[in-house]
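Participant: Pasting a predicted model and its sequence here:
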Amino acid sequence: RDADWRATQKDVRAAIAFLAAHEQVHAARVVLIGSSIGGTACIAAAAEAPHVAGLVVLSPGRAYHGFDAILPASRLAERPLLVLHSSEELPSQETSGVLDRIVSNSTVRVVPGSAHGVSMLRDDPTQLTAIVGFVGEVQPH
């Protein structure tokens, strides 16, 4: 059900709260990474958690199962956003373009092929290196 998918942002918020409750974790160093509808859940949760340092979203969808990524993304302010989509994945390509326009600190990477989500990393492992580099740059020291 669509309502169940929209509720996944609560799971992400719970994960953020869990991490923030541990004294070994610096809450402002949290970077959320989500794929497909999980990316939408990360965007929605981060829009309500201003201490999240940044986000990585693979194969973003504009409204998977009625779960909108665009409106919450407009509330990300200056936080860094890395978006990856495959070159043949037109819906994600369109959503990536919108995210790039509304999030001032965004970077879009295009991966050759038609893979969706984490499958892009199997097809082009160099993207994993780019994600790790992004996370390292985003986190305050």
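Facilitator: Cool, the structure landed.
Participant: in the host helix or strand of Gly136, what counts as buried?
Facilitator: Gly136 is part of helix 126-138, with elements assigned from DSSP states H and E. Using 16 or more other Cβ atoms under 10 Å as the burial criterion, the residues of helix 126-138 that qualify are 127, 130-131, 134-135, 138. Where C-beta positions appear, they are placed from N, C-alpha and C, glycine not excepted.
Participant: same deal with stretch 17-31?
Facilitator: Applying 16+ other Cβ under 10 Å to stretch 17-31 flags 20, 29-31 as buried.
Participant: Can you tell me what sits against that stretch?
Facilitator: 16, 51-56, 134-135, 138-140 (Cβ atoms under 8 Å, 6 or more residues apart in numbering).
Participant: can you map out the helices along this structure?
Facilitator: Applying DSSP state H to the chain gives helices spanning 2-6, 8-20, 37-47, 70-73, 90-102, 119-123, 126-138.
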